[in-house]
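**Student:** Just to be clear, the model below is a prediction. Sequence and coordinates:
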Amino acid sequence: MARINWTCWMAFCAAASLAACTAPGTAQGESAQGEAPDYTVNAQSGLEIVPLTITSGEKEHAFRVEVARTPAQQAKGMMFRTEMADDTGMIFPFEIPKMASFWMRNTVISLDLIFVRQDGTIESIAANAEPYSLDGIRSGEPVAMVLEIRGGLAEELGIKAGDRVSWEDSRKEQ
């Protein structure tokens with residue numbers, strides 16, 4: 001029995017390692033006009049990609065973000081990724097707002113963690129989270145979602161607490 005579990009664990013680790021080495025991309029390409037389709041799937045992670053906008057004063061910052069919905073997807077998050085484009089990210093939506101706690105275990109790159117309230121406003125930003133750190137990174141109050149973007153990008157773009165985050169959830173009726 002222990003040998004079977006060990007074998008399964010090794011197979012899982014090998015698959016995760018191979019997935020981390022795969023070049024990022026999407027399962028669907030761009031449209032003829034150069035615009036991304038409404039919803040695509042990341043070929044590396046298998047996660048849905050959706051549009052997300054952060055409104056900061058008069059400025060709007062557009063992103064294409066992967067959606068980590070399930071506990072397994074949320075546990076893996078950005079682990080093993082070696083790069084992140086400035087217009088991409090990952091969101092972790094919660095069914096019910098809750099106190100969020102993240103760590104950077106097996107996360108190779110620095111990230112900004114943006115904690116978002118139920119009303120879409122940014123509660124707080126944990127900037128430049130340290131790669132591989134096991135220290136907890138927590139929201140200050142219950143949040144409906146966490147957004148991860150490249151470390152330092154929030155400051156570069158002037159994104160701050162109180163700004164508004166909106167995204168197109170493909171699971172909600174349009």
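**Tutor:** Ah, there it is.

**Student:** What helix or strand is the most centrally placed residue in the chain located in?
**Tutor:** Geometric centre of the chain, nearest residue: residue 90, 1.6 Å, by C-alpha atoms, centre = their mean. Assigned by DSSP states H and E, residue 90 belongs to strand 88-98.

**Student:** Now do the buried residues in that strand.
**Tutor:** For strand 88-98, burial by neighbour count (16 or more other C-beta atoms under 10 Å) applies to 88-94, 97. To be clear about C-beta, it is placed using only N, CA and C from the backbone, and glycine gets the same treatment.

**Student:** Stretch 55-74 too?
**Tutor:** Of all the residues in stretch 55-74, those buried under the rule 16+ other C-beta under 10 Å are 56, 61, 63-69, 73-74.

**Student:** swap in stretch 98-109?
**Tutor:** 100, 102, 104, 107, 109.

**Student:** Give me the below-cutoff pLDDT ranges for the chain.
**Tutor:** 1-39, 172-174 (pLDDT under 70).

**Student:** ok, residues contacting stretch 59-70?
**Tutor:** Stretch 59-70 has contacts (C-beta atoms under 8 Å, 6 or more residues apart in numbering) with 36, 40, 42, 45, 47-55, 74, 76-77, 87-93, 147, 149, 157-159, 167, 169.

**Student:** rerun at 6 Å
**Tutor:** Residues from elsewhere that reach stretch 59-70 (C-beta atoms under 6 Å, 6 or more residues apart in numbering): 42, 45, 47-50, 52-54, 74, 87-92, 157.

**Student:** what do you get for stretch 164-173?
**Tutor:** Stretch 164-173 is contacted by residues 39, 50-55, 116, 120-121 when judged by C-beta under 6 Å, 6+ apart.
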